[in-house]
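**Q** Sequence first, predicted model second:
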Amino acid sequence: MYIQVKSQNRRADPRSLTIRCPNCHRLGTFQLISSDVELQIDDDKVVSTRQCPNETCANLVFFVYSASTLEIVASYPIERLDFDIENIPPLVANALEEAITCHANEAYMAAGMMVRRALEELCRERDAQGKDLYHRIEELKNRVVLPKELFDAMHRIRLFGNDAALIEAETYHRVSREEVEVAIDLSKELLKAVYQYSNLVERLERLSSEQKNSTR
Ligand SMILES: [Zn+2]
């Protein structure tokens with residue numbers, strides 16, 4: 001749940017805290033709404049309630065930060081990676097949304113599994129069948145047009161999110177934040193290419209045919 005307050009109470013604050021807003025997902029420098037909502041709790045840590053600079057959002061986020069370095073120790077609601085779900089089928093989008101939630105909560109192994117799940121859902125939605133995900137991705141090559149590099153990336157993500165293989169190889173403790181972020185970014189590009197570019201091309205084609213009709 002998000003709380004909105006009127007923006008006229010804001011004042012400029014040199015101690016800028018920049019995050020991607022958990023509500024509107026835009027990157028912003030969060031403003032102090034009043035000195036009453038900021039409190040130094042020890043030699044260095046400050047707790048502070050701040051407001052999203054996006055006027056149409058203006059939601060409040062609770063921060064703990066270092067007074068000396070301005071490094072953000074914690075924020076709530078948690079900052080999330082952005083993800084545009086437009087035109088992406090719900091089951092595919094939900095899996096990647098859940099991966100992003102796991103990432104925000106530092107559950108990187110679970111995030112990896114959910115990224116892999118998004119690939120499973122993509123194959124299912126495009127009816128790419130096969131005995132396992134390797135073969136389903138290979139079949140997907142006959143069903144969607146993508147650069148070879150993106151198919152190679154899918155195989156990397158397939159291995160990355162394979163919980164059984166991870167546990168067997170005892171590598172699960174090595175799944176890092178950065179690896180998860182790369183896997184999520186690659187998946188976003190993949191979904192963009194499959195669902196969002198085609199939508200844009202269709203819109204462009206529709207516009208040019210409308211133009212042709214109107215000039216006839
Ligand atoms: Zn916002």
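**A** Perfect, thanks for sending it. What you see is a predicted model; the values in this text were computed from it and never measured. Numbering: from 1, shown residues only.
**Q** Tell me which helix or strand the closest residue to residue 92 other than its chain neighbours sits in.
**A** Nearest residue to residue 92 in three dimensions, chain neighbours excluded: residue 121, at 4.4 Å (CB to CB, 6 or more residues apart in numbering). Glycine gets a C-beta too; all of them are placed from N, C-alpha and C. Following DSSP states H and E, one finds residue 121 within helix 108-125.
**Q** mind listing what's buried in the helix or strand just after that helix?
**A** As assigned by DSSP H and E, the chain's next helix or strand after helix 108-125 is helix 133-140. Within helix 133-140, the residues scored as buried using 16 or more other CB atoms under 10 Å are 133, 136, 137, 140.
**Q** Give me the next element, helix or strand, following the worst-scoring helix or strand of the chain on mean pLDDT.
**A** One helix or strand of the chain scores below all others by mean pLDDT, DSSP states H and E: helix 163-168, with a mean of 56. For helix 163-168, the following helix or strand on the C-terminal side (DSSP H and E) is helix 177-191.
**Q** Name the residues that touch that following helix?
**A** Residues outside helix 177-191 that contact it (CB atoms under 8 Å, 6 or more residues apart in numbering): 81, 83-84, 88, 92-93, 96, 99-100, 103, 106, 108, 111-112, 115, 118-119, 122, 146, 150, 153-154, 156-157, 160-161.
**Q** same thing with stretch 48-64?
**A** By CB under 8 Å, 6+ apart, stretch 48-64 touches 2-5, 7, 10, 17, 19, 21-24, 26, 28-33, 37-39, 41, 45-47, 65, 72-77.
**Q** correct me, but the residue nearest to residue 92 touches residue 88?
**A** No - if you go by CB atoms under 8 Å, residue 121 and residue 88 don't touch, sitting 9.8 Å apart.
**Q** Looking at those two, which has the bigger crowd around it?
**A** Remark: of residue 121 and residue 88, residue 88 carries more neighbours, 24 against 19, as counted by other CB atoms under 10 Å.
**Q** and the more buried one, that one's in a helix?
**A** No - per DSSP: H, G, I helix; E, B strand; the rest coil, residue 88 lies outside any helix segment and is coil.
**Q** Look up phi and psi at residue 68.
**A** The phi/psi pair for residue 68 (degrees, to the nearest 10) reads phi -80, psi -40.
**Q** Tell me how many other residues crowd the closest residue to it other than its chain neighbours.
**A** Nearest residue to residue 68, sequence neighbours excluded (CB to CB, 6+ apart): residue 44, at 5.6 Å. Residue 44 is flanked by 13 other residues according to other CB under 10 Å.
**Q** Could I get the buried residue list for the helix or strand in which residue 62 is found?
**A** Residue 62 belongs to strand 60-66 when assigned by DSSP H and E. With burial defined by 16+ other CB under 10 Å, the residues of strand 60-66 counted as buried are 60, 61, 63, 65.
**Q** what's the answer for stretch 185-205, then?
**A** Under 16+ other CB under 10 Å, the buried positions of stretch 185-205 are 186, 187, 188, 190, 191, 192, 194, 195, 196.
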